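Participant: Sequence first, then the predicted structure:
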Amino acid sequence: MRVGRIVEAKPHPKARKPAYILKIDFGEYGIKTSSAQITDLYKPEDLVGRLVICAMNLGSKNIAGVISEVLVLGVPDDKGRVVLLKPDRDVPVGVEVF
C-alpha cells in the first residue's frame, strides 16, 4: 500500500455502478489509473489534490473498458457509502503504508 495524490477525476460513463476514473500520482512509481465507486460522498472536483491510500500490488483489472491499476482504499459508513482512507497530514506521494 502506498500514498498517492489524485490529479484527475471524472465520471466513468461505461461503469455498471456509478464510478469515477481517477488518475493518481505516486511519485517515482508514476501516475496510475483507478476506477472507484466513490460517487456517493465525493464529487470529481473535490477529489483532485486529495491524498489517498491505495493497494498497488493486486494487478490490473479491466473495468468497463478502463484498466484499473490500483485499488483506492476506503471503509463503509453507517449507510454503506465509501469513506476514503487518507493520511491525517501531508506526506510525500509514493511512501509506503506500514
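Facilitator: Cool, the structure landed.

Participant: Can you give me the separation between the one residue sitting closest to the centre of the chain and residue 78?
Facilitator: Note on the chain: the residue nearest the mean C-alpha position is residue 72, at 3.7 Å, using Cα atoms, centre = their mean. Plainly put, residue 72 is 20 Å away from residue 78 if you go by Cβ to Cβ, to the nearest Å. For glycine as for every other residue, the C-beta is placed from the backbone atoms N, C-alpha and C.

Participant: cool, and residue 63?
Facilitator: 27 Å.

Participant: between these two, which one's more packed in?
Facilitator: residue 63 (19 against 5; other Cβ atoms under 10 Å).

Participant: Please name the nearest non-neighbouring residue to the more buried one.
Facilitator: Residue nearest to residue 63 in three dimensions, not counting chain neighbours: residue 35, with 4.1 Å by Cβ to Cβ, 6 or more residues apart in numbering.

Participant: Tell me where the chain has strands.
Facilitator: 2-11, 20-25, 31-36, 51-55, 61-63, 66-68, 71-72, 74-76, 82-84 (DSSP state E).

Participant: what helices or strands is the fourth one leaning on?
Facilitator: Just to be clear, that refers to strand 51-55. strand 2-11, strand 71-72 (3 or more Cβ pairs under 8 Å, 6 or more residues apart in numbering; DSSP states H and E).
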